[in-house]
Structure formats: C-alpha cells, structure tokens
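Asks: let me see the structure of the following:
(one chain, ligands or ions: 1)
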Amino acid sequence: MTSTLPIPAPIPAPIPAPTDWWRDAVFYQVYIRSFADGGDDGVGDLAGLRARLPELARLGVDALWINPFFPSPMADHGYDVADPRDVEPVFGDLAEFDRVLGEAHALGIRVTIDLVPNHTSDQRDWFAQALAAGPGSPERARYVFRDGAGLDGTKPPNNWPSIFGGPAWTRVPDGQWYLHLFAPEQPDLDFTHPEVLADLEETLRFWLDRGVDGFRIDVAHGMAKAPGLPDVTFDEETGIFDDHGPDDPRLDQDGVHDIHRMVRRVLDEYPGAMTVGEVWVSSEERLARYLRPDELHSAFNFRLLTADWALADLRAAVADSLDAVGATPAPACWVLSNHDRPRHVTRYGGGEVGTRRARAAALLQFALPGMAFVYNGDELGMPDVELPDEALTDPVWTRSGGTERGRDACRIPVPWSGTEPPYGFTTGASTWLPMPGGWAGLTAAAQDGDPGSMLSLYRAALRLRREVSGGLEWVPAPDGCLAFRRGSGLVLLLNLSGRPVPLPEGQVLLASADAADGQLPDDAAVWLQA
Ligand code: GLC
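Replies: Numbering: from 1, shown residues only. Alright, predicted model coming up:
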C-alpha cells in the first residue's frame, strides 16, 4: 500500500499563544512503561521519552499525555499512586521530568499528565495513618471505611463489586472494611473530607507551577459515591469500561461535579491549562453534564474505540459524538486505542486486513473536528500481542480468577529499531512484557524511509491536518461509504462497501491505499480538497 504523498519535511511549530490550543490538538499518549527505556531495566522511563521527543516532533503531535509516573508499588502499573507530587524512581526523578517538560516545550509540544483523584495506593502515608488511628478517627475518614454487615460484621458493608473483579471491600485487622472500586491496593478516597479536596488542589498547583499544560483525569466519573452507599441493584457486574448511569451508586453521582468545579477554578488561574476526563457514562446527556462551562474542558469520546468496523456504527459514532458536545463549550475528542482496550489493528481483524482498516481509520480520526488522541504505537500500526499466562501482569487477570486476561496485550513495548526483541526499546536484554519475534518491519526505523508505511501516513496526515478547520457537513457518498466535508474544504471519503468506488471530484491530498486508477479500494479512505 502506498500513500500518495512523499514523507513531509518536519515543520517548526512554536508554542502558539492562544489559550485554547487544545481544541484541535493531536495528543500522543505515552504509556511510560512501554514507550522507550533510557536504561537497561526493560521498563520505559522519562529519560527514554526525552530521547525520543524529536521523533514525536517529527511525527507532528501537538501535545503529550503521559500515563502515571508517580511513586507507586505498581499494583495497577502506576494507577496506585503512593505520592502524587513526586516521580517513581523506576521512571526518573523530578529533575528529569523538568527536562522532559522543557525540551518538549522547546519543540513545540505541550505536556499533560495523569491525575488520579479517585483512589491512592495502599502504600500512601495516609492509608498507613488510617489503619493505625483506628475506627472513627479523622485519619480513617479520608478513606471510605465502614463496619461490616451481619451480626458480627463479617460481611462487606454492601454488595458493591470491584471493577477489577471480586468485592469492592477488604477487611482490616480491627474488623472494619474499606472501599476499593479497583484493586484492594487502590483504596478509594472520601471527597466529603475537606483535606482530600485540599490535597487534590495542592497536587494540581504542584504540577501547574512546574509548567504542565493540563491533566488527563482518571475515572473522572468516580470520586463521589451515592449517600448512604446503597446496594447496587443490577444483577450483572459491570466493568470499568461499561457505561455507568446514575442508577449505579458507585459512579456518575451528582456530587462529582462539585469536585470538577474546584479543579476548573484552579486551572482557570493558569491560562492555557486544560483537562480531559475519562468519563464512562450511559448517555450523551450524562457526558454533557461534565462539559459545562465551569467543569472539564473536554472528555474522551470512546465511541470510535467501541464501534465495529461497519458503516452504520462508525457514522453513528461520529454523529452522536458531535451531538453530545454540540450543546457544550467542549470540542469532540476522538480515541481509537488506549492502554485499557484492544488496539484497533487487532479489533479490526488483525493482520493485513486490520492494518488496512487502521490506515483508513486514522484518516477518519484526523479528518474529524476536535481533539485526537494517538496511543503510542498507533503510528506504527502495532497490534495486540497475546501473552502466555505466566507473562500476564494486569491485576484484572488475578482478580478475575484467570477468567479475564486483562490489558497486557495492548501494552507491549514500542519497537524502535533492529530485527529482534527488544527492537531498540532498551539497552537491556529483556522487557517488562515480552516482545514477539517478527516485528523487524514494524519498527519506527524500518518504517521511517518507507512512503507506504503507517508511520509515513501518520506524518503526512498530521501535517495536512494543520490546514483543516471548520465544521463538519455530511455529503452524499456511494452506497456503503461515508463522506463529509470540513469548512476549510477537506473532503473525507471512507469506503466500507466491499468493492472499489470511483473517487469524487477534487485533488487527492492523501489516501490510505493506492487510488491512482481513480478508484478507492474497499476498507480505504481518501482526503480530497474540493
Ligand atoms: C483508568 C485507567 C486504568 C486504571 C483505572 C484505575 O480507567 O485508564 O488503566 O486501571 O483507571 O485507576
């Protein structure tokens, strides 16, 4: 497959002045453990990221979202935070973070980081204090401790399931139970305690004062639980990635919006700083509530992440998502893959078919109005890798009793160069998750000079996207195809019809597959200037 344009030259991109830089920005998600290792321990780190920043500038991204790099015992690979205002030694230190920030900014790349407000690690000082101070103490009130049910308190306080499997309660030696919506190593905080909110504000200011450009907010529909902690009434356990409506007392409760208002008040003191929330709720209306003018700047839209590769699904994903944000000040925010979900190459069928569709999906994603998130490795067309049981590290695997394999498959380290594992990822011999053989052609180095590679397609699309602006208007398309025009004149045509279709009028800017004969193949997309 070839793209119609040669690899573009890198373009200088000084940090633009406007405070709403993020509204049509392309963010690159750095899953820090898997992006690049600056040493030899086989775990990605900040030094590795810093060394690769020029390549991200060449890719053409506007901003980074770096997954948690804070001190953590790694029960959930960093989402169990022991100190929200420091750096985990495996990843570097604060001075290294400052260098990443400074060098990214010098390259015109903004830096956003992960904020994990819903829970802490059980190794945070607060949790030890809560255990030591005992029932009824102010220290214990920072978390959600309750007496058990049943005559002797040996049953959990209510029937809430943990999102990672098993009950959401764990008993401590003095008999009380504490709540953890995720792993037992991730106790939930109680945001009705003023110190908890004050601590979150301190964390925001700590990083904003260092110069970060914003935050991705983890489980942004969590933090507030229904008063009285009533039992859940649904029969089936819903997972984190299922939608949570107001009937689920664990999530999407009204009280959460007060927390977002506090966060917004702090961010408004730092012009240009932004938030993007991870919000899994049951309807577009519920999502819009998080995007009111005094709450989140934006929220991930997961419709492209969950849609099937089918015309009706993709079209509805786009239309519904635009409707959802239409009545809010927020732009849409498109995601094809992330560290929690199977990668889209794999979702779309894997192999050659999956890759062909992923190329087309990239042109769809980048033609849409709003923000776009690229998960590290998307630009190489990385697939999921099924690992043997003994290599699995996700707590979901153990918590589910081995019934859910978890998320390791989409977190394999990025292949940079060479012909064998570890493909330039580390100077060491092995990697924290094993890398497969057969990836010589997938590395960034192998794709760099190939005009037909996924990497070249991403670079070309991100460069051309800088000229694209304006609203989206659906335009007529052949049967089985989807087409829209942006205000600036870009037309996207996506062919899902099962056969080639004639190219419409206009100058071809970029195609995901060879369209030189005037026909767009099946499972392909084209950008035209009309
Ligand atoms: C979010 C993260 C996920 C993590 C969970 C608990 O959904 O994306 O990786 O396990 O929150 O913090």
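
Asks: contacts and neighbour counts: CA atoms only from here.
Replies: Fine.

Asks: backbone phi and psi for residue 178, please?
Replies: Dihedral angles of residue 178 (phi, psi; degrees, to the nearest 10) stand at phi -120, psi 150.

Asks: quick one: contacts for the residue lying closest to it once chain neighbours are set aside?
Replies: Nearest residue to residue 178 in three dimensions, chain neighbours excluded: residue 145, at 4.3 Å (Cα to Cα, 6 or more residues apart in numbering). Residue 145 makes contacts with 135, 176, 177, 178, 179, as judged by Cα atoms under 8 Å, 6 or more residues apart in numbering.

Asks: can we see that at 10 Å?
Replies: Residues counted as contacts of residue 145 (Cα atoms under 10 Å, 6 or more residues apart in numbering) are 130-131, 134-136, 157, 169-172, 176-179, 187-190.

Asks: ok, residue 477 next?
Replies: For residue 477, the contact set (Cα under 10 Å, 6+ apart) comprises 483, 484, 493, 494, 495, 501, 504.

Asks: what bits of the protein have low per-residue confidence?
Replies: Applying pLDDT under 70 to the chain flags residues 1-17, 234-241.

Asks: show me what residue of it gets nearest to the ligand.
Replies: Going by Cα to the nearest ligand atom, the ligand is nearest to residue 79 of the chain, at 4.6 Å.

Asks: from residue 447, how far out is the residue nearest to residue 178?
Replies: According to Cα to Cα, to the nearest Å, residue 145 and residue 447 sit 53 Å apart.

Asks: what of residue 287?
Replies: For residue 287, the distance to residue 447 equals 38 Å [Cα to Cα].

Asks: now residue 493
Replies: In terms of Cα to Cα, residue 493 sits 25 Å off from residue 447.

Asks: comparing those two, which residue is more hemmed in?
Replies: More neighbours surround residue 493 than the other of residue 493 and residue 447, with 28 against 20 (other Cα atoms under 10 Å).

Asks: helix/strand/coil for that one?
Replies: Three-state call for residue 493 (DSSP: H, G, I helix; E, B strand; the rest coil): strand.

Asks: nearest residue to the spatially most central residue of the chain in space, please, no chain neighbours.
Replies: Compute the mean C-alpha point of the chain, and by Cα atoms, centre = their mean the closest residue is residue 338, 4.7 Å away. Closest residue to residue 338 apart from its sequence neighbours, by Cα to Cα, 6+ apart: residue 375 at 5.4 Å.

Asks: tell me where the stretch 201-350 of the chain has helices.
Replies: With helices called from DSSP state H, counting those that start in this stretch, the stretch 201-350 of the chain shows them at 256-267, 284-289, 303-306, 311-326, 344-347.

Asks: just the ones you listed: most buried one?
Replies: helix 344-347 (a mean of 23; mean count of other Cα atoms under 10 Å).

Asks: now whichever helix or strand comes after it against helix 311-326, angle please.
Replies: Later in the chain than helix 344-347, the nearest helix or strand by DSSP states H and E is helix 351-367. In terms of direction (axes from the mean of the first three to the mean of the last three Cα atoms, to 10 degrees), helix 351-367 departs from helix 311-326 by 30 degrees.

Asks: how far out from the middle of the chain is helix 351-367?
Replies: The chain centroid and the centroid of helix 351-367 are separated by 18 Å under Cα atoms, centre = their mean, to the nearest Å.

Asks: can you pull the buried residues of that helix?
Replies: Across helix 351-367, burial judged by 16 or more other Cα atoms under 10 Å covers 354-367.

Asks: hey, what's the angle from the helix or strand following that helix to helix 351-367? Just curious.
Replies: Of the helices and strands lying after helix 351-367 in sequence (DSSP H and E), the nearest is strand 371-375. Here strand 371-375 runs at an angle of 150 degrees relative to helix 351-367 (the same axes, to 10 degrees).

Asks: packing partners of strand 371-375?
Replies: Helices and strands touching strand 371-375, by 3 or more Cα pairs under 10 Å, 6 or more residues apart in numbering; DSSP states H and E, are strand 26-30, strand 63-66, strand 333-335, helix 351-367.

Asks: how about the strands of the stretch 401-530 of the chain, start to end?
Replies: 472-474, 481-486, 490-495, 501-502, 507-511, 519-520, 524-529 (DSSP state E, counting those that start in this stretch).

Asks: mind giving me TSV with these and columns for distance to residue 87?
Replies: Below are those laid out as TSV (distance: least, Cα to Cα, whole Å):
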stretch	distance to residue 87
strand 472-474	42
strand 481-486	42
strand 490-495	43
strand 501-502	53
strand 507-511	41
strand 519-520	49
strand 524-529	42
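
Asks: make JSON lines out of these and add distance to the ligand.
Replies: Output for those, formatted as JSON lines (distance: least, Cα to the nearest ligand atom, whole Å):
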{"stretch": "strand 472-474", "distance to the ligand": "30"}
{"stretch": "strand 481-486", "distance to the ligand": "31"}
{"stretch": "strand 490-495", "distance to the ligand": "30"}
{"stretch": "strand 501-502", "distance to the ligand": "39"}
{"stretch": "strand 507-511", "distance to the ligand": "32"}
{"stretch": "strand 519-520", "distance to the ligand": "37"}
{"stretch": "strand 524-529", "distance to the ligand": "30"}
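
Asks: most tightly surrounded among these?
Replies: Greatest average neighbour count among the strands of the stretch 401-530 of the chain goes to strand 490-495 (a mean of 27), per mean count of other Cα under 10 Å.

Asks: kindly reformat the helices of the stretch 201-350 of the chain as CSV containing distance to residue 439.
Replies: Converted to CSV, these look like this (distance: least, Cα to Cα, whole Å):
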stretch, distance to residue 439
helix 256-267, 42
helix 284-289, 39
helix 303-306, 25
helix 311-326, 30
helix 344-347, 15
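
Asks: redo these as a markdown table? Include distance to the ligand.
Replies: As requested, the helices of the stretch 201-350 of the chain are arranged in a markdown table below (distance: least, Cα to the nearest ligand atom, whole Å):
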| stretch | distance to the ligand |
| --- | --- |
| helix 256-267 | 16 |
| helix 284-289 | 16 |
| helix 303-306 | 13 |
| helix 311-326 | 20 |
| helix 344-347 | 17 |
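
Asks: tell me the residues of the stretch 101-250 of the chain that contact the ligand?
Replies: Listed as neighbours of the ligand in the stretch 101-250 of the chain under the rule Cα under 6 Å from any ligand atom: 218, 219.

Asks: what about the strands in the stretch 101-250 of the chain?
Replies: Using DSSP E, counting those that start in this stretch, the strands of the stretch 101-250 of the chain run over 110-115, 145-146, 169-171, 177-179, 214-217.

Asks: with residue 408 as the reference, name the closest of those strands.
Replies: strand 110-115 (19.3 Å; Cα to Cα).

Asks: next, the angle strand 26-30 makes with the closest one.
Replies: Going by the same axes, to 10 degrees, strand 110-115 makes 50 degrees with strand 26-30.

Asks: distance between strand 110-115 and the chain's centre?
Replies: Offset of strand 110-115 from its chain centre (Cα atoms, centre = their mean): 11 Å.

Asks: what helices or strands is that strand leaning on?
Replies: Strand 110-115 sits against strand 26-30, strand 63-66, helix 94-106, helix 194-210, strand 214-217, strand 274-277, with contacts defined as 3+ Cα pairs under 10 Å, 6+ apart.

Asks: of all the ones you listed, which lies closest to residue 526?
Replies: Distances from residue 526 to each of these were compared using Cα to Cα; the minimum, 19.5 Å, belongs to strand 26-30.

Asks: kindly export that closest one (C-alpha atoms) in CSV.
Replies: Provided in CSV are the C-alpha atoms of strand 26-30 (Å, rounded to 0.1, in the frame of the first residue of the first chain):
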residue,chain,number,x,y,z
VAL,A,26,-3.3,15.9,18.4
PHE,A,27,-2.3,14.3,21.7
TYR,A,28,0.2,11.5,21.9
GLN,A,29,-0.4,9.1,24.8
VAL,A,30,2.9,8.0,26.3
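
Asks: quickly run through the sheet partners of it, with directions.
Replies: In the sheet, strand 26-30 lines up against strand 63-66 (parallel), strand 371-375 (parallel) (DSSP bridges).

Asks: hmm, residue 451 is touching residue 457, no?
Replies: Yes - assessed by Cα atoms under 10 Å, residue 451 is found in contact with residue 457 at 7.6 Å.
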